[in-house]
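In: got a sequence here, can you build the structure:
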Amino acid sequence: MTNREYPFVLGTAGHIDHGKTAIVRALSGVDCDRLLEEKKRGMTIELGFAPLDLPSGKTISIIDVPGHEKFIRQMVAGAAGIDAVMLVIAADDGVMPQTREHLEILTLLGIQNGIAVINKIDLVDEEMLELAKDEIYSLTAGTFLEGKPLIPVSALTGKGIPDLLSEIEGMVLSAKQRDRNGAFFMPVDRAFHISGFGTVLTGTAMKGSVSEGDDVQIMPAGLASKVRSLQVHGENVGAAYAGQRVAINISGTSLDKVKRGDALTAAESFSATGCLDVHVKVLSSFSEPVEHWQRLRLHVGTTDTIARISLLDRERILPGESAPAQLLPEEEITVSHDAHFILRTYSPLRTIAGGRVLLPAGERPKSKISKASLISFLNKVSESENEKDRFASLLDYKGILKARKAFLLLGTDKSRLESIVSSLEAKGRMATIKTGETTYISSEKISFLKGVLGSELKRFHGEHPERKGIEIEEVSKCLMINDIRFVKELLRIFLRDRWLVLDGDRYRLSDFEPFDEAKFFSEVSKFRELAITAGYAMHSVEEARSALGVSEKEMTRMIAYLKERKDLSIIGEGYLLFLTIEEDLRKKLAGIDGEITLAGVRDITNSSRKYILPLLEYFDSKGVTRRVGDKRLLLKR
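Out: I've put the predicted structure just below:
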């Protein structure tokens, strides 16, 4: 960029026939009414563009927008890319309906700098001029134009034009420059073909920079293309930057594949979306609320489409109120983070609301919990102008975020994002996991997953003290994260914190005492000996525990182990039946000729009714015997 070319776009606004185009011509010498129909009708229909040379030698861009209510779509498309506005009011007409609507639109679009201009002062006397000034002061009170210069001019005679030019220069030189970092993004406002060159796209560069030879994409279609050449103010340049009007000659894409409303972006830096996370404000001047799921006309950048509005925390937004919401366009679009938008009704055509895009590729909440998280995130990020805070809020909301997704959602560049990440990592607010694709995880999410895994391991150790721990596949299932490589790196973080231990190929809590197999099997042997000694006088669980002198936990562990091996059953009112006793009784029953009675079994086992009855009922349940009256038949020998 040369010293002469300055990245600043000044837009016009105001009612039809108040002389916006005439003032641009008086300032720049360029007639922005380029269409034959515009010449015939004496009104601006499409956007007009002109370079404006300032006294300092710098050249900025002017966008001349239509003033007629039928062409608000074009007006919004032009206003979306401006740095400041020149609101034009004719001295003889004063403030008119489109004057008010244009100012409302500019406010909703986030414009914060500008100048008010009273044109046609040659048609009024001093008294009427003062009345016009008072009316304008009243109009701009409480808006971004309050306290800004009000310049009387006559585009016809040239009176006041030098003063206006001087005020414009002062405003330009004191204005904050647009950020040239981040991925290139330009809403397309014109597309045409030049013989011998091919497709040319024009627009205002909103973010980043673009150079000859750069790979670009036409969104939302995702068509790959390459920059052949660039022009700013009609001159060939090697690069263009945010805040400049630029014409870009691209290769690889024919004219029929691109149109106004598309976006030209850095390759693989933005995505098409059918859901925008936004913050919406309804105009105080609108007489009705905006309803949940209302169908509205959405203007964002140079895009004009139909969208539903999904309100997240209420059923309606009253005039003058604002709220988090989602916009669901009926066709996919591509917008940049922080883009401002306008919402209009159908009939009558009326601007009713606007706001800011907080996430350009949102996701519909699937539960009340996810909706509450989304609302909290949108409320937090709507108040933040700091890129680092926005990223931190986004990561806290998502929990786990791939680097590529972060680029798409924030529209930032790799180096800046890496700087933000380093800063947040140093403060312990996040961690980076590299598994081929870089992924970010918030400290809050790490703590949550730590809690989930910790609880699972505590449960597991309690139920399976004989096992060292769980394998990584079980960890993956527990955390509901399918990417094993990601889980492995996450476990490295947990291991560094020393609450987790890797024992061979299994993970366990650091305070878990590994199972003493020798002691356990010694107790099991004692348990068996106790049962064999007791014979048919089976112990209850509590009797056996007391006799062995073990804890309830140890007793439960031994019973579970023996039951799993089919060595032990619990019968009747809690008696412990070992397999050796069961098999012995089977043999004894097989030796009985004829009918089996309780008394007979009691005699051959030298036991009592207390134990024999639950034994026979157990055999009945297993189909070994069948009770017939007070006798039994042996079914299995």
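In: which intervals of the chain have sub-threshold pLDDT?
Out: 1-4, 32-47, 66-73, 75, 78-80, 637 (pLDDT under 70).
In: longest helix anywhere in it?
Out: The helix spanning the most residues in the chain, taking DSSP state H as the definition, is helix 443-463.
In: and it, what does it pack against?
Out: Under the contact criterion of 3 or more C-beta pairs under 8 Å, 6 or more residues apart in numbering; DSSP states H and E, helix 443-463 touches strand 430-434, helix 472-479, helix 484-496, strand 506-509. (Glycine included, C-beta is placed from N, CA and C.)
In: contact partners of that helix?
Out: Outside helix 443-463, the residues that touch it by C-beta atoms under 8 Å, 6 or more residues apart in numbering are 396, 399-400, 428-431, 467, 469-470, 475, 478-479, 490, 493-494, 497, 499-500, 507-509, 512.
In: what ranges do the helices span in the stretch 451-600 of the chain?
Out: According to DSSP state H, counting those that start in this stretch, the stretch 451-600 of the chain carries its helices in the segments 472-479, 484-496, 517-534, 541-548, 552-564, 579-590, 598-605.
In: got the angle for the last one vs helix 579-590?
Out: Same thing as helix 598-605. Angle, helix 598-605 to helix 579-590, by axes from the mean of the first three to the mean of the last three C-alpha atoms, to 10 degrees: 120 degrees.
In: helices or strands up against helix 598-605?
Out: Helix 598-605 packs on helix 579-590, helix 609-622, going by 3+ C-beta pairs under 8 Å, 6+ apart.
In: and if you look at the fourth one?
Out: For helix 541-548, the elements it packs on are helix 517-534, helix 552-564, judged by 3+ C-beta pairs under 8 Å, 6+ apart.
In: what's the answer for the longest one, then?
Out: Using 3+ C-beta pairs under 8 Å, 6+ apart as the contact definition, the elements that helix 517-534 packs against are helix 541-548, helix 552-564, strand 575-578, helix 579-590.
In: cool, the first one as well?
Out: Other helices and strands packing on helix 472-479, by 3+ C-beta pairs under 8 Å, 6+ apart, are helix 443-463, helix 484-496.
In: so where does residue 11 fall, helix or strand?
Out: Assigned by DSSP states H and E, residue 11 belongs to strand 5-13.
In: domains for this protein, by residue range?
Out: As assigned by automatic domain parsing, the chain contains the domains 5-174, 185-266, 384-515, 517-634.
In: for the ones you listed, which one sits closest to residue 295?
Out: When these are compared by C-beta to C-beta, domain 5-174 sits nearest residue 295, at 16.8 Å.
In: tell me the strands in the stretch 1-150 of the chain, going along the chain?
Out: Per DSSP state E, counting those that start in this stretch, the stretch 1-150 of the chain carries strands over the ranges 5-13, 48-53, 59-64, 84-90, 114-119, 150-152.
In: in JSON lines, list the ones you listed along with distance to residue 284 and mean neighbour count.
Out: Output for the strands of the stretch 1-150 of the chain, formatted as JSON lines (distance: least, C-beta to C-beta, whole Å; neighbours: other C-beta atoms under 10 Å):
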{"stretch": "strand 5-13", "distance to residue 284": "19", "mean neighbour count": "25"}
{"stretch": "strand 48-53", "distance to residue 284": "32", "mean neighbour count": "21"}
{"stretch": "strand 59-64", "distance to residue 284": "27", "mean neighbour count": "25"}
{"stretch": "strand 84-90", "distance to residue 284": "19", "mean neighbour count": "26"}
{"stretch": "strand 114-119", "distance to residue 284": "20", "mean neighbour count": "25"}
{"stretch": "strand 150-152", "distance to residue 284": "23", "mean neighbour count": "19"}
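In: identify whichever of the ones you listed lies nearest to residue 388.
Out: Comparing these by C-beta to C-beta, strand 5-13 comes nearest, at 24.1 Å.
In: counting by contacts, list what the closest one packs against.
Out: Using 3+ C-beta pairs under 8 Å, 6+ apart: strand 5-13 touches helix 20-28, strand 59-64, helix 72-79, strand 84-90, helix 97-108, helix 161-174.
In: make a markdown table out of those and add distance to residue 120.
Out: Listed next are the helices and strands packed on strand 5-13 as a markdown table, based on distance: least, C-beta to C-beta, whole Å:
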| stretch | distance to residue 120 |
| --- | --- |
| helix 20-28 | 9 |
| strand 59-64 | 17 |
| helix 72-79 | 21 |
| strand 84-90 | 5 |
| helix 97-108 | 14 |
| helix 161-174 | 13 |
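In: which one of these lies nearest to residue 589?
Out: Here helix 97-108 is closest among these (C-beta to C-beta), at 91.4 Å.
In: buried ones in the closest one?
Out: 98, 99, 101, 102, 103, 104, 105, 106, 107, 108 (16 or more other C-beta atoms under 10 Å).
In: distance from it to the middle of the chain?
Out: 31 Å (C-alpha atoms, centre = their mean, to the nearest Å).
In: pull the residues that contact that helix.
Out: The contact list for helix 97-108, computed with C-beta under 8 Å, 6+ apart, reads 13-16, 18, 67-69, 72, 75-76, 79, 85, 87, 89, 114, 139-140, 143-145, 281, 283, 285, 340-342, 351, 353-355.
In: please pick the buried ones from those.
Out: 13-16, 18, 67-69, 72, 75-76, 79, 85, 87, 89, 114, 139-140, 143-145, 281, 283, 340-342, 351, 353-355.
In: check contacts around the most centrally placed residue in the chain.
Out: When C-alpha atoms, centre = their mean is applied to the chain, the residue found nearest the centroid is residue 362 (4.8 Å). Listed by C-beta under 8 Å, 6+ apart, the contact partners of residue 362 are 273, 275, 276, 277, 326.
In: do residue 272 as well
Out: 219, 220, 221, 222, 332, 333, 334 are the contacts of residue 272 under C-beta under 8 Å, 6+ apart.
In: can you pick the most crowded of these?
Out: residue 334 (27 neighbours; other C-beta atoms under 10 Å).
In: distance of the closest residue to it other than its chain neighbours relative to residue 262?
Out: Nearest non-adjacent residue to residue 334, counting by C-beta to C-beta, 6 or more residues apart in numbering: residue 219, 3.6 Å away. Distance, residue 219 to residue 262, using C-beta to C-beta, to the nearest Å: 6 Å.
In: anything in contact with each of the two?
Out: Taking C-beta under 8 Å, 6+ apart as the contact rule, residue 219 and residue 262 both touch residue 334.
In: okay, the helices and strands packed on helix 541-548 in CSV with mean neighbour count and distance to residue 123 next?
Out: Shown next, in CSV, are the helices and strands packed on helix 541-548 (neighbours: other C-beta atoms under 10 Å; distance: least, C-beta to C-beta, whole Å):
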stretch, mean neighbour count, distance to residue 123
helix 517-534, 14, 104
helix 552-564, 15, 98
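In: which one of these lies nearest to residue 585?
Out: Among those, the nearest to residue 585 by C-beta to C-beta is helix 517-534 (13.4 Å).
In: and the contacts of that closest one?
Out: Under C-beta under 8 Å, 6+ apart, the answer for helix 517-534 is 466, 538-539, 544, 547-548, 550, 554, 557-558, 561-562, 576, 578, 580-581.
In: what's the spacing between that helix and its chain's center?
Out: 60 Å.
In: and the angle for that helix with helix 541-548?
Out: Inter-element angle recorded for helix 517-534 and helix 541-548: 110 degrees (by the same axes, to 10 degrees).
In: export helix 517-534 as CSV, just CAs?
Out: Output in CSV follows, covering the C-alpha atoms of helix 517-534 (Å, rounded to 0.1, in the frame of the first residue of the first chain):
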residue,chain,number,x,y,z
GLU,A,517,-3.2,-61.4,46.2
ALA,A,518,-1.3,-63.6,48.7
LYS,A,519,-3.3,-62.4,51.6
PHE,A,520,-6.6,-62.7,49.7
PHE,A,521,-6.1,-66.3,48.6
SER,A,522,-4.9,-67.2,52.1
GLU,A,523,-8.2,-65.9,53.4
VAL,A,524,-10.1,-67.8,50.7
SER,A,525,-8.4,-71.0,51.7
LYS,A,526,-9.4,-70.4,55.4
PHE,A,527,-12.9,-69.8,54.2
ARG,A,528,-13.0,-73.1,52.3
GLU,A,529,-11.6,-75.0,55.3
LEU,A,530,-14.2,-73.4,57.6
ALA,A,531,-17.0,-74.6,55.2
ILE,A,532,-15.6,-78.1,54.9
THR,A,533,-15.3,-78.4,58.7
ALA,A,534,-18.9,-77.2,59.1
